[in-house]
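**Q** Structure for this input, please:
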Amino acid sequence: MKVLLVAPASKASGGISRWTQHIKAYYDSLDEKIVELNFFDTARSEFIPDDIAFIPRVKLAIRDYRVIIRNFNEVLKKDKYDIVHITSSAGIGLLRDLYMIRAIKKFGSQRSIIHFRFGRIPELAKKKNWEWKLLCCVVKQADRILVLDKQSYKSLLDCGYTNVDLLSNMIAPGVEKMIRSMPPESRIPRRLLFVGHCIATKGVYELVKACKGIQSIRLVLIGAIKDDVRKDLLDISDGGDWLEILGEKPYSQVIEEMLKCDVFVLPTYTEGFPNVILETMACGCAIVTTPVGAIPEMLEEKEGKAYGIMVEPMNVQLLNKAIERLLEDEPFKQDCRKNVQIRVKERYSMSKVWDDLNGIWKEVSTK
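**A** Got it, this is the predicted structure:
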């Protein structure tokens, strides 16, 4: 079976590209390959932040997608694939997805899979806006749809679509190896960590506000950040030395920071299946986050066992209370740390997700 994986692969920024790199590294490590996996890189020419205005976003998309589509056509003309697996973050990119599906049908008998790598499908199903209408067109024309979380899966089933599968993200073996190679963890009391793009929709403003009144803490922010956002956050903190904004850092340093922090906080407004939560679980972090995307499934309480604390997005007061509870309740915090490490191994190992993915490819190729 020959598969073409259409995904951003050449740049480290962003969850989809990191997922792609994990898949590629695992595939390259296999001694016996039951599929021939090829890659088509859809990385954009530059990072497009979530807060950019609509019209500039459309112009940038047209510029980049014109080149991507031309190159995609050339690849399909040169070779034949049993499966073309396209990752998608929706938005304007749904127009690109529609074109790619049609190109797949035009140039051969390949089957198409669209892998939605975001968690806003339930929200779009309620809004019934232009993005939802485009998404429905994609769902109808693709042979199979993959989603990251149960709510997205249910939303599509409720709308009558039956060509939908649920596929979790995975923790990459390279991350586990990196964790094992580092010195034994030495948690720094009252050290809080955020990792992600430092933009409003990741909840960074609420995070700094929630931490402002907590005594004797250090809040460390890692991730791309604009100068105006940095200034805003420093202003909110009243210039306190408890806030440390590091910007982007090498992956190994990010993992090291996860192993050092007392509590990891991601008060995001929207997610798909965040790799950063998987990584913090593997690092045994106590986690405060929001119940969006697949996070409720990742941290759901089961059989009386706690795996972290989830609070509604944009609620500074609840966020403050959750952080303070983990800082002060040591037995609860230790239980959460132990439980998340067990769960990530049981549910999200690379080998398990790889087997699930191969099963989907095989099923789609034979229909």
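**Q** At the geometric centre of the protein, which residue sits there?
**A** Centroid-nearest residue in the chain, with CA atoms, centre = their mean: Pro274, separated by 3.3 Å.
**Q** That one against Phe264, yeah?
**A** No: judged on CB atoms under 8 Å, Pro274 makes no contact with Phe264 at a distance of 11.3 Å. All C-beta spots, glycine's among them, are computed from the backbone N, C-alpha and C.
**Q** check which helix or strand covers the closest residue to Tyr99 other than its chain neighbours.
**A** What sits nearest to Tyr99 in space, not counting adjacent residues and going by CB to CB, 6 or more residues apart in numbering, is Ile69, at 5.7 Å. Secondary structure from DSSP states H and E places Ile69 in helix 54-78.
**Q** Going by neighbour count, which residues of that helix are buried?
**A** Residues Arg57, Leu60, Ala61, Asp64, Tyr65, Ile68, Ile69, Phe72, Val75, Leu76 are the ones in helix 54-78 that count as buried (16 or more other CB atoms under 10 Å).
**Q** Let's have the residues you listed in JSON lines, adding pLDDT and distance to Glu330.
**A** Formatted as JSON lines, the buried residues of helix 54-78 follow (pLDDT from 0 to 100; distance: CB to CB, whole Å):
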{"residue": "Arg57", "pLDDT": "66", "distance to Glu330": "46"}
{"residue": "Leu60", "pLDDT": "70", "distance to Glu330": "48"}
{"residue": "Ala61", "pLDDT": "70", "distance to Glu330": "49"}
{"residue": "Asp64", "pLDDT": "79", "distance to Glu330": "49"}
{"residue": "Tyr65", "pLDDT": "81", "distance to Glu330": "51"}
{"residue": "Ile68", "pLDDT": "90", "distance to Glu330": "51"}
{"residue": "Ile69", "pLDDT": "89", "distance to Glu330": "55"}
{"residue": "Phe72", "pLDDT": "94", "distance to Glu330": "53"}
{"residue": "Val75", "pLDDT": "93", "distance to Glu330": "55"}
{"residue": "Leu76", "pLDDT": "93", "distance to Glu330": "57"}
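**Q** which of these sit farthest apart?
**A** Arg57 and Leu76 (27.1 Å; CB to CB).
**Q** Pro291: neighbour count?
**A** Neighbour count for Pro291, taken as other CB atoms under 10 Å: 15.
**Q** Who are the contact partners of the closest residue to it other than its chain neighbours?
**A** Spatial nearest neighbour of Pro291, chain neighbours left out: Met310 (4.4 Å); criterion: CB to CB, 6+ apart. Met310 is in contact with Val288, Thr289, Thr290, Pro291, Ile295, Pro296, Leu299, counting by CB atoms under 8 Å, 6 or more residues apart in numbering.
**Q** which ones among the residues you listed are found in helices?
**A** Judged by DSSP state H, helices contain the following of the contacts of Met310: Ile295, Pro296, Leu299.
**Q** wait, which of those residues is closest to Thr42?
**A** Using CB to CB, Ile295 is the member of the ones in helices among the contacts of Met310 that sits closest to Thr42, with 25.7 Å.
**Q** so who does the nearest residue to that closest one once chain neighbours are set aside touch?
**A** Of all residues not flanking Ile295 in the chain, Thr289 sits nearest, at 5.6 Å (CB to CB, 6+ apart). Counting by CB under 8 Å, 6+ apart, Thr289 touches Val265, Leu266, Pro267, Thr268, Ile277, Ile295, Leu299, Gly308, Ile309, Met310, Val311.
**Q** cool, and Met258?
**A** Here Met258 is in contact with Leu193, Val195, Phe264, Glu279, Thr280, Cys283, Cys285 (criterion: CB under 8 Å, 6+ apart).
**Q** Could you look up the SS state of the last one?
**A** It refers to Cys285. Following DSSP: H, G, I helix; E, B strand; the rest coil, the label given to Cys285 is coil.
**Q** Isn't it up against Cys261?
**A** Yes: applying CB under 8 Å, one finds Cys285 in contact with Cys261, separated by 6.3 Å.
**Q** who has more neighbours, the two?
**A** More neighbours surround Cys285 than the other of Cys285 and Cys261, with 28 against 25 (other CB under 10 Å).
**Q** Share the number of residues neighbouring Ala90, please.
**A** Counted with other CB under 10 Å, residues neighbouring Ala90 total 20.
**Q** Check the gap between the closest residue to it other than its chain neighbours and Phe273 for me.
**A** Leaving out its chain neighbours, the residue that sits closest to Ala90 by CB to CB, 6+ apart is Phe118, at 5.7 Å. Per CB to CB, to the nearest Å, Phe118 is found 9 Å from Phe273.
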